[in-house]
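> Based on what follows, work out the 3D shape:
(chains A and B)
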Amino acid sequence: MDLIWDGLRRAFELVVGLDATLLEILGRSATVSLTATAIAMAIGIPAGTALGLLRFPGRRLVAVVVYTGMAVPTVAVGLVVALLLWRSGPLGDLELIYTPGGMVIAQVLIALPLITGITMAAMQALPAELADQLRALGANRRQLVIQLWLEARLPLLAAVMAGFGHAISEVGAATIVGGNIHGQTQVLTTAIVEDVGRGRFGPAIAYAVVLVALAFAINAVLTSVQQRSAAWTQA
Amino acid sequence: MDAGVTVRALRARRGGRDVLRIDRLDVAAGERLGVLGPNGAGKTTLLRLIAGLDQPHAGEVRVGGVESRDRGVERRRRVGYVAERPALMTMSIRANVELPLRYRGADRRTRRSAAERALERLGIAHLAERPAHAVSRGEAQRTSLARALVCEPPLLLLDEPAAALDADARKAFLADLDAALAGRTTTVVHVSHRPADLLGFADRIAVLAGGALRQVSPPDELTRRPADALVARLVGFENVVPIAIGDRGAIELAGRATGTSARDLGSPGHGSGGGARLAAWAAGIELLPPGARPLEATVTGVSPGPGRWDVVLDAGATIRAHHPLAAGPPAPGERVALGLRPGLATIVPPGPEEDSPGPA
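Predicted coordinates:
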């Protein structure tokens, strides 16, 4: 019990004291995961929309690949990205291995299947007559897609939340691609693993509390937007 | 802007078979055309082709001279389209009505004023700020109509807009539709499977069955002179029964003389022989004392109808008649003579493929 109480006390001190290392790791975690989520959104929402609305040869195969991607372990993603970015690898010249940029790439690949897959399902769940009605109202292709996104905003926000949650909470890819280098690529999850391994439970608990708080804060904002929309559509 | 519709050699295919085959159909600018047909007749297919939402397998549809194969958005922006289900977006009623103007780049003030005018025309201005999901079906369909009319389209396409409404709501909606179009030169194509929706609305009615046009006529001609038995049924004739026409045009029903000739019904062109059908409105069957006419029948059912008695009779074939409410109901089992009121009954051919599901 002392171990836990001591850990909690130390965590409290670090959080309340706005420990510089804690803030630095928090900032990097938020930056890497939010950047990765934003990139995954920019790719995944249009891709999921195309998969949900268009009919083209190989669409089903792509859908299976996307759904499979949702279940791929993050360490496997990290391994693939590390092999590509390794100095002697095909993208070694980019010098992204053990950098936050490399970690962003890995987290994009982790979040992308979730955002794409949920977007695809959301677009397919829209009433079939909606797109035709919008075309009949004179919407061009861009106006049509934007309106369909607005109609599917609840599941699309869920897709973003799932993508961000998956990105910020993963540890395997961050360790393999980032290397957990202090001051450079260490993020909350890799810091927790390292401190627990060394028996330093205080910082580990502090990082875990901050990680949960960060995830909570961002999801609270997204949920607030989502539920405001839900109230408008269902009240 | 000319918004006449020209259809030539039109073919639409689905599942490897023709679902629509129209060689020629013209709708003049400013005309109201009703399209009547049963479910699966090809009505919505025709409307979608006119709207530019689908492309024909062959042939062409022109709206104001612009061909339907022009898939550009400008082609669709000449048309207002009201579907059977209103498909309102999850936004306010006002925002829904403003959508077509938003898509056309209208500024906020223009959108507002045009939407308000359209909502007032349909009597739903008080719903402007209400979420779309919080209105009744009738109100949602009025919103859909206001949305289609807000840009003052030269051509309005109505796809069974009242089909999902109950009887009272349907009547009210159709009255509002008529009022909203009053004084305008909008060309309208209104499809429905209910003749009552179209008879008082359209300048002409095209009857579509099995993907093919069976008749295109003004409503009064359609109700007096249906082209064949299938058209007669679709228009709503309660009685469409096989008859034989004997010498001098004498009409026989189930082998019994009716005492009426084809000439009496204004159908002298039908010579002797079989295969003809008597198409008679129930209001055109007169119940008379036995012996007053050669054709007699037994009353098999009586029920109160709106302002009348609905009577079912066995005259060798089942006959339905309307009997004046004031005359009192005939008793089941009672024998009566049947008379045919000229103008409310006619002789029609059975139709070349009366029971065919669709064109080959």
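
> which stretches of chain A have low pLDDT?
Across chain A, the ranges flagged by pLDDT under 70 are A:1, A:231-235.

> what's the distance between the residue nearest the centre of it and residue A:43?
Central residue of chain A (CA atoms, centre = their mean): residue A:164, 2.7 Å from the mean position. Remark: distance between residue A:164 and residue A:43 (CB to CB, to the nearest Å) = 15 Å. No exception for glycine: its C-beta is placed from N, CA and C like everyone else's.

> can you pull the pLDDT of the closest residue to chain A within the stretch 151-300 of chain B?
At 7.4 Å from chain A, residue B:151 is the closest residue in the stretch 151-300 of chain B, using CB to the nearest CB. Per-residue confidence (pLDDT) for residue B:151: 93.

> Pull the number of nearby residues for it.
20 (other CB atoms under 10 Å in any protein chain shown).

> now swap in residue A:205 and tell me
Neighbours of residue A:205 under the rule other CB under 10 Å: 23.

> Likewise for residue A:198?
Residues near residue A:198, counting by other CB under 10 Å: 10.

> repeat for residue A:214
For residue A:214, the neighbour count with other CB under 10 Å is 17.

> Which of the helices or strands spans residue 80?
If you meant another chain, say so; for now it's chain A. In the assignment (DSSP states H and E), residue A:80 maps to helix A:74-85.

> should've been chain B
Residue B:80 belongs to strand B:79-82 when assigned by DSSP H and E.

> who does that strand pair up with?
Counting by DSSP bridges, the strands paired with strand B:79-82 are strand B:155-159 (parallel).

> residues in contact with the partner strand?
Outside strand B:155-159, the residues within contact range by CB atoms under 8 Å, 6 or more residues apart in numbering or on different chains are B:3, B:5, B:43-44, B:47, B:50-51, B:63-64, B:78-84, B:148-149, B:177, B:181, B:186-191.

> tell me the secondary structure for residue B:205?
Of the three states, residue B:205 takes strand under DSSP: H, G, I helix; E, B strand; the rest coil.

> Residue B:165: neighbour count?
Residues lying near residue B:165 (other CB under 10 Å) number 18.

> hmm, back to that, next helix or strand past the helix holding residue A:80?
Sequence-wise, the next helix or strand downstream of helix A:74-85 (DSSP H and E) is helix A:100-125.

> rewinding a little: on contacts alone, who are the packing partners of the helix holding residue A:80?
Packed against helix A:74-85 by the contact rule (3 or more CB pairs under 8 Å, 6 or more residues apart in numbering or on different chains; DSSP states H and E) you find helix A:100-125, helix A:172-173.

> export the strand holding residue B:80 as PDB, just CAs?
Extracted C-alpha coordinates of strand B:79-82, given in PDB (Å, rounded to 0.1, in the frame of the first residue of the first chain):
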ATOM      1  CA  VAL B  79     -35.600  21.900 -61.900                       C
ATOM      2  CA  GLY B  80     -37.400  21.700 -58.600                       C
ATOM      3  CA  TYR B  81     -37.900  18.200 -57.300                       C
ATOM      4  CA  VAL B  82     -40.200  17.000 -54.500                       C
END
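
> what about residue B:267, helix or strand, and which?
For residue B:267, there is no host helix or strand (DSSP H and E).

> tally of neighbours for it?
By the criterion of other CB under 10 Å, residue B:267 has 20 neighbours.

> if I look at it, how far off is residue B:340?
11 Å.

> cool, and residue B:134?
53 Å.

> Compare these two (neighbour count), which wins?
Higher neighbour count among residue B:134 and residue B:340: residue B:340, with 23 against 14, using other CB under 10 Å.

> show me the contacts for that one.
B:258, B:260, B:264, B:265, B:278, B:280, B:284, B:285, B:286.

> now, which of those residues sits nearest residue A:148?
If you rank the contacts of residue B:340 by distance to residue A:148 using CB to CB, residue B:280 comes first, at 52.0 Å.

> Run through the residues that contact the closest one.
Contacts of residue B:280 (CB under 8 Å, 6+ apart): B:237, B:238, B:239, B:241, B:319, B:340, B:344, B:345, B:346.

> The fourth one looks like it's in a strand, true?
In other words, residue B:241. Yes - judged by three-state DSSP, residue B:241 forms part of a strand.

> Chain neighbours aside, what residue packs nearest to it?
Nearest non-adjacent residue to residue B:241, counting by CB to CB, 6 or more residues apart in numbering or on different chains: residue B:317, 4.4 Å away.

> residue contacts, the one you found?
When contacts are counted by CB under 8 Å, 6+ apart, residue B:317 touches B:241, B:242, B:253, B:254.

> neighbours of the first one, just the number please.
A count of nearby residues for residue B:241, using other CB under 10 Å, gives 17.

> The residue nearest to the centre of chain A contacts residue A:37, correct?
Yes - Residue A:164 lies in contact with residue A:37 (CB atoms under 8 Å); the separation is 4.3 Å.

> Done for today, thanks.
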